[in-house]
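K.L.:
Structure for this input, please:
(chains A, B, C and D)
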Protein chains: 2
Amino acid sequence: MKKHRLGKDISLIYRYSQIYFDAKLKKYNLGSGQYIFLMNLFLNNGINQEQLAHIVRINKATTARAVANLEKEKYVTRKQSKRDRRSYELHTTEKANSIKSSLVKIMNAWNEILLDGLNTEEKRMLLKLNDKVGSNILRHSNKPGDDRNMQ
Amino acid sequence: MKKHRLGKDISLIYRYSQIYFDAKLKKYNLGSGQYIFLMNLFLNNGINQEQLAHIVRINKATTARAVANLEKEKYVTRKQSKRDRRSYELHTTEKANSIKSSLVKIMNAWNEILLDGLNTEEKRMLLKLNDKVGSNILRHSNKPGDDRNMQ
DNA sequence: ATTAAATAGTTGCGTATGCAACAAATATTC
DNA sequence: GAATATTTGTTGCATACGCAACTATTTAAT
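P.N.:
Predicted coordinates for the structure are as follows:
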């Protein structure tokens, strides 16, 4: 078995996904670095940065910068939490909501490219196996319990 | 089907792979950004940068910088090609060769983490399906014919 | 109640990556 | 052979991402 192959495919898929989203989101003044955060906020409105970072499994610093960008572009508002003054509740704006369906279309188009030629069972296996790899990594990294069903 | 899931798993696997390799390669003054180039040079000694960039499907600018780093650390030599004076033949040094087996061990250890709990068929499917996704992307990007059997 | 430890978010710094522009060299066209 | 087009590698610029250090706030321990 060619051990490079998996890492190389993963790297390629990741990098080209970034390229694709950068190109498609440019018109909205968004980049690949903000997309995953915004998409998750649509599904989890009102959560704080810490929670958001946890959901997408991305570093807090990166999350803070992405959210700052989203706020700057007026896709997200941050409201200091009454329960904990360190924390901000994040909400998508009307502006964000107005482009949501376009963003979903962009994502779906990319997924169609990724999954072209795979039957239902193969798609299921692809997700399942990559998910297993992801879980393996998190377990190895001693990350908290898996709340990956949150979205 | 949760459309985010694939992108999120891919992103996670990629990022944590980078983190892992950065940590493990630090002692050799190498980073995750050089690893894939060096590993491929072990397998394809004497090729030029253009070819190397093509094999790993990474941008020429990035390739140039990675190779420059490898040269700086004396893992690689660059010899101007006699056939084409723009081009440089890349060779791994004795220094590189002396750490090759350690690098292979690092990579194998990571692969064991990634593939933990998967049986032979699942491993085969994981590779095959991710490879299919990679091919889909390249086809969509109008990249040249698939010489992915080169390594 | 006071002190110590942990947490939410921010910022500095560094690395990796892509695009675009460019120079030098080579290949193609006329 | 001259002009034009393409190729190989480099560099500037920008973005995304992680680690570490930090501040302010909250929680836990005493």
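
K.L.:
Now whichever strand or helix holds A:F42 - C-alpha only, CSV.
P.N.:
In this structure, A:F42 sits in helix A:32-43 according to DSSP states H and E. Once non-C-alpha atoms are left out, helix A:32-43 reads as follows in CSV (Å, rounded to 0.1, in the frame of the first residue of the first chain):
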residue,chain,number,x,y,z
SER,A,32,-12.4,30.0,2.5
GLY,A,33,-11.4,30.8,6.0
GLN,A,34,-14.8,32.2,7.0
TYR,A,35,-17.1,29.9,5.1
ILE,A,36,-17.1,27.0,7.6
PHE,A,37,-17.7,29.2,10.5
LEU,A,38,-20.6,31.0,8.9
MET,A,39,-22.2,27.8,7.7
ASN,A,40,-22.0,26.4,11.2
LEU,A,41,-23.5,29.6,12.7
PHE,A,42,-26.5,29.3,10.4
LEU,A,43,-27.1,26.0,12.2
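
K.L.:
That one and DNA strand C in contact?
P.N.:
No - contact of helix A:32-43 with DNA strand C is not found when judged by CB under 7 Å from any atom of the strand; the minimum separation is 9.7 Å. To be clear about C-beta, it is placed using only N, CA and C from the backbone, and glycine gets the same treatment.

K.L.:
Determine how far that helix lies from the middle of the whole chain.
P.N.:
In terms of CA atoms, centre = their mean, to the nearest Å, the gap separating the centre of helix A:32-43 from the centre of its chain is 5 Å.

K.L.:
what separates the residue nearest to the spatial centre of chain A from A:T77, distance-wise?
P.N.:
For chain A, A:I36 is the residue whose C-alpha lies nearest the centre (CA atoms, centre = their mean; 2.6 Å). Between A:I36 and A:T77 the distance is 19 Å, computed by CB to CB, to the nearest Å.

K.L.:
Likewise for A:G31?
P.N.:
For A:G31 relative to A:T77 (CB to CB), the value is 20 Å.

K.L.:
Mind listing what's buried along the lowest-mean-pLDDT helix or strand in chain A?
P.N.:
Here the helix or strand of chain A ranked lowest by mean pLDDT, DSSP states H and E is helix A:3-25, holding a mean of 93. Residues A:4-18, A:20-21, A:24-25 are the ones in helix A:3-25 that count as buried (16 or more other CB atoms under 10 Å in any protein chain shown).

K.L.:
so A:L90, which of the three states?
P.N.:
Using DSSP: H, G, I helix; E, B strand; the rest coil, the structure places A:L90 in strand.

K.L.:
ugh, typo on my part, it should be A:R86
P.N.:
Remark: A:R86 carries the secondary structure label coil [criterion: three-state DSSP].

K.L.:
near DNA strand D, which residues of chain A show up?
P.N.:
Taking CB under 7 Å from any atom of the strand as the contact definition, chain A meets DNA strand D at A:18, A:22, A:31-34, A:36, A:58-62, A:65-66, A:69, A:84-86.

K.L.:
Kindly provide the distance from A:N111 to A:G46.
P.N.:
Distance, A:N111 to A:G46, by CB to CB: 27 Å.

K.L.:
Just want to know which of these two has more residues nearby.
P.N.:
In this comparison of A:N111 against A:G46, neighbours counted by other CB atoms under 10 Å in any protein chain shown, the higher total goes to A:N111 at 16 against 12.

K.L.:
Right, I'll leave it there.
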